[in-house]
Each structure stands twice: as structure tokens, then as C-alpha cells.
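Colleague: sequence first, then the predicted structure, then my questions.
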Amino acid sequence: MATSLAERGVTVASGLAKGIDTAAHSAALDAGGRTVAVIGTGIRRYYPAANRQLQDQITEVGLVISQFWPDAQPTKQSFPMRNAVMSGYAVATVVVEAGETSGARIQARLALQHGRPVVLTSQVMRCDWAKTFAENPGVYVVHGTVELLEAIEDILSHQPTEAGLENFPDLALR
């Protein structure tokens, strides 16, 4: 999904965590696209440590954002706070996979509270929280990449544009 989005000029924003976040950032970079990492630590920290090289690469060719002091360590509270920043920053949030207590679920809830569209994959729809969220306006349920791209086109076509920024939509992929 990240590859397809990046190839269409959509900036992929994610949290630089293990799993989907790492895959989303890597795929966007491999496709020659733009990516933004919103991290849950200070800007001079690497968390998880395994993503140090990826964070450095994003710093060179993309953007790394942190709301925390430069040397701040990760805390239990910092990641939900990061998700709030990401949901407000991105035009929309796409949830690829998320359990009942996951950060991606938190971000989807916050995105709805921020008035941002949320895209849920059919895999996520197995969760009770996703079924409840799907009843809200601004929530898209997609089955595969083609439907995802259609949903994103619809979302982007309804976004107000600011001078010069219409060609750089950011999308949070979780």
C-alpha cells in the first residue's frame, strides 16, 4: 500500500515503530517517495534501536518529527501522544492492522476526533472497535490496494488546498 501511495505522490507518515510503520517508511523510500516519521522519543533518540539506520535515512531525505525534548526517552505515555500528533498532522489515517489495545486504534479514534478521514482495511474489520468506528462519517472500509487508492483519491479531492501545498498530501499509514 505504501508503495502505491508513494508512487502517486502521497507522502507516507508513520511512527517508525517495528512492523507496519517500518514497512511503510521503507516502501515509500524504495519507491522514491516521501515519508515522515513522527517519533515517540526525543529527536536524538533511536527507538526502536533496530530502526536507527532507517531514521537516519528519513532524516536525510524525508522528515522526522518529535514533540518531545531532544534527549527524551520513550515512555508509556509518549506513544499515544505521538499518535495524536500524527493523526492531526496527516490528511487521513489508514489502519492496516491493529488490535483492540493498539496505538493504531488510538490514532484512528484521535483522527476521527480531529475531523480527519480514517481508512480501515478488511483485515482490521475483524476487530470490534473497527466495526464500531466504521459506522462514523468519514470512515472508509477498503478491500485491497485498488479500493484504498480510490478512497484516498476521494479524500484528497475533498481537501481544501493551501497555496503550493496541494501536490504534497500526507497520509498516516499505521
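Modeller: Looks like it arrived, so ask away.

Colleague: low pLDDT regions in the chain?
Modeller: 160-169, 171, 173 (pLDDT under 70).

Colleague: in it, which spans are strands?
Modeller: Along the chain, the segments classed as strands by DSSP state E run 11-14, 35-38, 63-65, 92-95, 118-121, 139-142, 170-173.

Colleague: by contact count, what packs against the third one?
Modeller: Helices and strands touching strand 63-65, by 3 or more Cβ pairs under 8 Å, 6 or more residues apart in numbering; DSSP states H and E, are strand 35-38. Any C-beta I mention is one placed from the backbone N, CA and C, and that applies to glycine too.

Colleague: who are the packing partners of the strand it packs on?
Modeller: Against strand 35-38 (3+ Cβ pairs under 8 Å, 6+ apart) you get strand 11-14, helix 20-30, helix 52-61, strand 63-65, helix 78-89.

Colleague: what residues does it touch?
Modeller: Strand 35-38 is contacted by residues 6, 11-16, 21, 24-25, 28-29, 55, 58, 62-66, 82, 85-86, 89, 170, 172 when judged by Cβ atoms under 8 Å, 6 or more residues apart in numbering.

Colleague: among the helices and strands packed on strand 35-38, which is nearest His143?
Modeller: helix 20-30 (17.7 Å; Cβ to Cβ).

Colleague: any idea of the angle the closest one forms with helix 52-61?
Modeller: If you take axes from the mean of the first three to the mean of the last three Cα atoms, to 10 degrees, helix 20-30 sits at 50 degrees to helix 52-61.

Colleague: now tabulate the strands of the chain in JSON lines and tack on distance to Arg45.
Modeller: Output for these, formatted as JSON lines (distance: least, Cβ to Cβ, whole Å):
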{"stretch": "strand 11-14", "distance to Arg45": "17"}
{"stretch": "strand 35-38", "distance to Arg45": "12"}
{"stretch": "strand 63-65", "distance to Arg45": "11"}
{"stretch": "strand 92-95", "distance to Arg45": "24"}
{"stretch": "strand 118-121", "distance to Arg45": "29"}
{"stretch": "strand 139-142", "distance to Arg45": "34"}
{"stretch": "strand 170-173", "distance to Arg45": "21"}
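
Colleague: Throw these into a markdown table and include mean neighbour count and distance to Ala108, thanks.
Modeller: Below are the strands of the chain laid out as a markdown table (neighbours: other Cβ atoms under 10 Å; distance: least, Cβ to Cβ, whole Å):
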| stretch | mean neighbour count | distance to Ala108 |
| --- | --- | --- |
| strand 11-14 | 27 | 14 |
| strand 35-38 | 25 | 15 |
| strand 63-65 | 15 | 19 |
| strand 92-95 | 28 | 5 |
| strand 118-121 | 25 | 5 |
| strand 139-142 | 19 | 8 |
| strand 170-173 | 26 | 10 |
